[in-house]
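Undergrad: I need the structure of the sequence given here:
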Amino acid sequence: MAKGLFITFEGVEGSGKTTQVELLGEALATRDVVIVREPGGTELGERMRDVLLFGGMAIDREAEMYLFMAARAQVVHEVIEPALGSGRIVISDRFHDSTIAYQGGGRGLSVYWPTSFPKPDITFLVSVPVEVGHMRMLLAGKHPDRVERESLEFHQRVAAEYERIAKAEPQRYTVVDGTGSQAQVHAAVMARVDRALAGSAAI
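TA: As a prediction, this is how the structure comes out:
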């Protein structure tokens, strides 16, 4: 059975990554793709999402990190690994790079990559200046969640960590300019995905 393809999208708040996840899912609809979001994708993950983003409670930074990772462990076990094992394409709106960027870069914690978390085949970093992302959310009238309400300095540290990771793993990461139109960003995403699919078909 063919090996599945694991694609993830990362970026600061307001980068437009969720829109790109949706567009890629539509473009690959005939391939029976699996789309998940983080935190979420399972009953446990969705409950964790409510606690972490909308619960209105103060959460210790280390507790926050482990809650995100617990939700991730569940979606890996319940959704991602079975789908990849059956040869399907999995698209995830955020994955463990988010914890490295937000809890590592943003909050200054030491974050490791558990061996039980698969490494994505392709990670797209939809790159926009933090200020641009913030303005997009304001213009959209979006009510910010607990993480989105963090300081500008926090989000700048997150962005810097994403840049560091992308430079450290150029084979996995594809950085796309998120300041372009949705169509331009999607075209860049599809160019990379098409190459990966062509390569897997040739094996």
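Undergrad: Roughly how far does E131 sit from G16?
TA: Taking C-beta to C-beta, to the nearest Å as the measure, E131 falls 15 Å from G16. Every residue, glycine included, has its C-beta placed from N, CA and C.
Undergrad: next one: L138
TA: The gap separating L138 from G16 is 15 Å, by C-beta to C-beta.
Undergrad: Looking at the two now, which is surrounded by more residues?
TA: G16 (23 against 11; other C-beta atoms under 10 Å).
Undergrad: what stretches of the protein score poorly on pLDDT?
TA: The model of the chain has pLDDT under 70 over residues 1-2, 201-203.
Undergrad: quick one, helices of it?
TA: Using DSSP state H, the helices of the chain run over 17-27, 43-49, 61-75, 81-85, 96-99, 130-140, 152-168, 182-202.
Undergrad: chain center to the first one: distance?
TA: Going back to what we said before, that points to helix 17-27. 12 Å (C-alpha atoms, centre = their mean, to the nearest Å).
Undergrad: tell me which residues in it are buried?
TA: For helix 17-27, the buried set under the neighbour-count rule, 16 or more other C-beta atoms under 10 Å, comprises K17, T19, Q20, V21, L23, L24, G25.
Undergrad: Please give me every residue in contact with the residue nearest to E150 when sequence neighbours are not counted.
TA: In space, and not counting its chain neighbours, E150 is closest to G106: 7.1 Å by C-beta to C-beta, 6 or more residues apart in numbering. Shown in contact with G106 (C-beta atoms under 8 Å, 6 or more residues apart in numbering): E150, F154, H155, R157, V158, E161.
Undergrad: for G108, same thing?
TA: G108 neighbours (C-beta under 8 Å, 6+ apart): R61.
Undergrad: switch the cut-off to 10 Å
TA: For G108, the contact set (C-beta atoms under 10 Å, 6 or more residues apart in numbering) comprises R61, R157.
Undergrad: And the residue nearest to E150, how close does it get to I100?
TA: 10 Å.
Undergrad: With S127 instead?
TA: Distance from S127 to I100, counting by C-beta to C-beta: 16 Å.
Undergrad: do the same with H134
TA: To I100, H134 is 22 Å away according to C-beta to C-beta.
Undergrad: of these two, who's got more company?
TA: Neighbour count, other C-beta under 10 Å: between H134 and I100, I100 has more, with 22 against 18.
Undergrad: Not counting sequence-adjacent ones, nearest residue to that one?
TA: V111 (4.9 Å).
Undergrad: Could you report the neighbour count for that neighbour?
TA: Residues near V111, counting by other C-beta under 10 Å, number 18.
Undergrad: And S110, by the same measure?
TA: Look at S110: counted by other C-beta under 10 Å, it has 8 neighbours.
Undergrad: And stretch 145-154, how far out from the chain middle?
TA: 17 Å.
Undergrad: ends of that stretch, how far apart?
TA: End-to-end distance of stretch 145-154 (C-alpha to C-alpha, to the nearest Å): 14 Å.
Undergrad: how about that stretch: buried residues?
TA: Applying 16+ other C-beta under 10 Å to stretch 145-154 flags R146, V147, E148, E150, F154 as buried.
Undergrad: Reformat these as a markdown table; add distance to E64.
TA: A markdown table is the format used below for those (distance: C-beta to C-beta, whole Å):
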| residue | distance to E64 |
| --- | --- |
| R146 | 9 |
| V147 | 9 |
| E148 | 14 |
| E150 | 11 |
| F154 | 13 |
